[in-house]
Structure formats: structure tokens, C-alpha cells
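Enquirer: Starting from these lines, generate the structure:
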Amino acid sequence: MSPFSKARRTVLGTTAMTLALAALSSGPAFSATQGADATPGWPNKPLRIVVGFPGGSSPDLTARTFAEPLSKKLGHPVIVENKVGAGGNIAADHIAKSRDDHTIGLFINGNLTVANLINKRVPYNPQKDLAPLTLVGVSPLVLTAPVHLPDAPDGTDARAFLAAAKKAGDKWSYGTPGVGTVGHIGTELMKVRTGIAPVHVPYPGYPQVAQAMLGGQLQMALLPPALALAQEKAGKLRLIGVTAAGRSTLAPDVPSLAEAGVPNLNLEMWNAFAAPSTMPANLQARLSDALIEIARSPEVRTKMFQQGWQAVGSSPEGLANRIKADTAVMGKIIKDQGIRAE
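Expert: Predicted coordinates:
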């Protein structure tokens, strides 16, 4: 099995950059009507949304949330297809090489940003081979720890917890869903900003990370809000702070790490739609317009929130700016910390 096929799931990855924020709210670049008129008879077969993760995963749920309303807008069936493996990069490579003009993908951060920076054997170039359509959902991460952790204060005081982590050095470990994920790169950035030094331990997914904390194998991890809040409600884990400049509506009672004095730790997971770069521009425009309208609809915004996402619906340019900004910041962390796929 090649290193590419061993690349772990990139979760739900990435850094929220200020320069991208303004672009995220901009409207569609083209009108759907222009796109439809330019290619009469399209679509003439089912449109496929390819997802690189299994059924029931967060990307899969997002894709299925969009499939039905997109089918109604196009007047043609929309099918979600799961091509699992290599942290979503197998599906991304499949989409990048597709030439049928009826295939798009639902991606997580890493697939569109640092995939080939982490692993040189990744066979596609995110910026050249995939065309941004829209950023559909964002979410911060929550620094989480066991309820009772030896050599660390109980409660949720972030300053005290980080002081204990710094004192523990490499005696503590942190878990992630794999090399190059947002949780991995984000914690490495936290290490640089705070002086803590926990050892990285990768797992197949976030549920396994949470279980390892409950079993005492890990002392900390950055988890998605939905999972973190569920574990906190069950009395199993405690929430230290969210990786955002301020409090998140997804976890409004959890302080931000910025409140604990951690500078510039503004990290988000996100998911987005993209098409093969060879898809005609007018078809990209039509799909982008439709997906943006769906993402901004009250019904889908509610469903996305229930799934642990803040719905966005950016323009293609907004997503392109986000990809560029995140690639630059995350790429620097990857280079400085020597992060490579196993």
C-alpha cells in the first residue's frame, strides 16, 4: 500500500483567515440563467456529488442535505456517491480527472488546500485541477480534556489548563483523526503560540479520539463542537475553549482561547463544493448559483446548524480566497513543524 493510500482522513481541516472573510459574503459571479442558456440540454443525466468519506459521516450528511434541493433546481436527479480513502483525496483525484461535466465533489479543508504539501504523492493539484463553487459550512474546534486529569486543575479555566500542559511537556499526548488534519495542524500551531509540547497520536476518526481521552490514553484534543458538547453533557469530557476570535454560536457557553490569551488561534473546519477545472465555466456558474442559493436558504441553514456547521454560501471567488489564505498559513506550519504523511 502506497503512502498516498495510507494518508489518514483529513478532518474536517483549517485556519480562518481575516483576509478571506470579506470575500465569503460576496454574491455569485454569474447568473444561473446565463449558464443554462449557454448549454441547452444540460444536465442530460444524473449529476453526481462524490464524497470521500463513508455514509453517515459529516461530509456525507452535508452532501445529502444539498442533493434533494439541487435536484429540484436542476430538474434532474442528483446522486451522492461515496469514494472512501486517503482522507478524501481518492475522491478528490477522481473528481479532478472527471470529464463528463456531471460530476462535482463535496470537500473538506485539506482536500482543497494542503493535500499535496502533506504528501507529495497526492496525484492532483488542488489549486489547478479543481474549480471552487462555494464554501457551504464552517465550524471552529473545541479544546477538550478528560473531566479528571492528573496534574491539571479541574474545571474549564483555559489559562490554568495550558499552564499545566506546558509544565507536563511531552508527558502529555493529544489525538487527531490523522496527519495534516485541522486538529493536527491547529494543535501544532497552538504548541508554537503557547509553549506546550504534547505528543501527537493519530486515530482513524474523532470518535476514537474521544474514546482515547475517556480511556486515559490522551490528555487533550481539538474536537468538533457537536461531539465535544455531547461528551460534556454526558459528564465525560470538559471543554477548555474554542479556536475562534470570539465565542461561537455552535458552542455559545464555551469561552474562546483568545480570552485565555492565546494569540491568533482562529481555526475552522470547513466543507465546500468544487468541480473539475475542465468543466465549462457556464456550467460551473450555474451550479455555483444554485448551491449558493441552497446554502443560504433558511431550511438548509437550520439543517447545517443541527449537523454542527454554520452555513455560509460564499461566491466562487470567496472560496478561492479562503483556499489561498488557508494554504499559505497551514503550509507554513507544515514546513516549520516538518509535518508529513505517514
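
Enquirer: Which parts of the stretch 51-200 of the chain are helices?
Expert: 58-74, 89-97, 109-112, 115-118, 126-129, 158-168, 182-194 (DSSP state H, counting those that start in this stretch).

Enquirer: need the contact list for Glu259.
Expert: Ala158, Gly241 (Cβ atoms under 8 Å, 6 or more residues apart in numbering). (Each C-beta comes from the backbone N, C-alpha and C, glycine too.)

Enquirer: If I look at it, what pLDDT would I see?
Expert: Note for Glu259: predicted pLDDT of 82.

Enquirer: and what of Gln337?
Expert: Gln337 is given a pLDDT of 88.

Enquirer: Please report how far it lies from Pro276.
Expert: 32 Å (Cβ to Cβ, to the nearest Å).

Enquirer: Give me the nearest residue to Pro69, chain neighbours excluded.
Expert: Of all residues not flanking Pro69 in the chain, Ile294 sits nearest, at 4.8 Å (Cβ to Cβ, 6 or more residues apart in numbering).

Enquirer: any idea which helix or strand comes after the helix or strand the one you found falls within?
Expert: If you go by DSSP states H and E, Ile294 is part of helix 281-295. Scanning forward in sequence from helix 281-295 by DSSP H and E, the next helix or strand is helix 298-306.

Enquirer: for that following helix, packing partners?
Expert: helix 58-74, helix 281-295, strand 310-311 (3 or more Cβ pairs under 8 Å, 6 or more residues apart in numbering; DSSP states H and E).

Enquirer: In TSV, list those along with distance to Asp154 and mean pLDDT.
Expert: Formatted as TSV, the helices and strands packed on helix 298-306 follow (distance: least, Cβ to Cβ, whole Å; pLDDT from 0 to 100):
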stretch	distance to Asp154	mean pLDDT
helix 58-74	31	95
helix 281-295	41	97
strand 310-311	31	95
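
Enquirer: Please identify the most buried of these.
Expert: helix 281-295 (a mean of 22; mean count of other Cβ atoms under 10 Å).

Enquirer: Could you check the angle it makes with helix 58-74?
Expert: Relative orientation of helix 281-295 versus helix 58-74 (axes from the mean of the first three to the mean of the last three Cα atoms, to 10 degrees): 110 degrees.

Enquirer: Give me the more crowded residue out of Gln337 and Pro276.
Expert: More neighbours surround Pro276 than the other of Gln337 and Pro276, with 21 against 15 (other Cβ atoms under 10 Å).

Enquirer: so where's the stretch 201-342 of the chain uncertain?
Expert: 342 (pLDDT under 70).

Enquirer: circling back to that earlier point, compare the helices and strands packed on helix 298-306 and give me the one nearest Met330.
Expert: helix 58-74 (18.7 Å; Cβ to Cβ).

Enquirer: and that closest one, C-alpha only, in CSV?
Expert: Backbone C-alpha positions of helix 58-74 (Å, rounded to 0.1, in the frame of the first residue of the first chain) are rendered in CSV as follows:
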residue,chain,number,x,y,z
SER,A,58,-20.3,14.7,8.3
PRO,A,59,-19.3,15.4,4.7
ASP,A,60,-21.8,12.7,3.5
LEU,A,61,-24.6,14.3,5.5
THR,A,62,-23.8,17.7,4.1
ALA,A,63,-23.8,16.4,0.5
ARG,A,64,-27.2,14.7,1.1
THR,A,65,-28.6,17.9,2.6
PHE,A,66,-27.8,19.6,-0.7
ALA,A,67,-28.7,16.8,-3.1
GLU,A,68,-32.5,17.0,-3.0
PRO,A,69,-32.9,20.8,-3.3
LEU,A,70,-30.2,20.8,-6.1
SER,A,71,-32.1,18.1,-7.9
LYS,A,72,-35.2,20.3,-7.8
LYS,A,73,-33.4,23.3,-9.2
LEU,A,74,-31.8,21.3,-12.0
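
Enquirer: how does the protein divide into domains?
Expert: Domains of the chain are assigned by automatic domain parsing as 3-139+268-337, 142-260.

Enquirer: angle of the longest strand along the chain against helix 58-74?
Expert: Identified as the longest strand of the chain according to DSSP state E is strand 130-140. Using the same axes, to 10 degrees, the direction of strand 130-140 lies 120 degrees away from that of helix 58-74.

Enquirer: Can you give the distance from strand 130-140 to the centre of its chain?
Expert: Offset of strand 130-140 from its chain centre (Cα atoms, centre = their mean, to the nearest Å): 9 Å.

Enquirer: Can you list the strands that it pairs with?
Expert: With DSSP bridges as the test, strand 130-140 is paired with strand 268-276 (antiparallel), strand 310-311 (antiparallel).

Enquirer: Tabulate the CA atom coordinates of the first one in CSV.
Expert: Only the C-alpha atoms of strand 268-276 are listed here, as CSV (Å, rounded to 0.1, in the frame of the first residue of the first chain):
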residue,chain,number,x,y,z
GLU,A,268,-12.0,26.4,11.5
MET,A,269,-13.0,23.2,9.8
TRP,A,270,-14.9,23.8,6.6
ASN,A,271,-16.6,22.0,3.7
ALA,A,272,-17.1,23.2,0.2
PHE,A,273,-18.2,22.2,-3.3
ALA,A,274,-15.8,22.2,-6.2
ALA,A,275,-15.9,20.9,-9.8
PRO,A,276,-13.3,19.6,-12.2
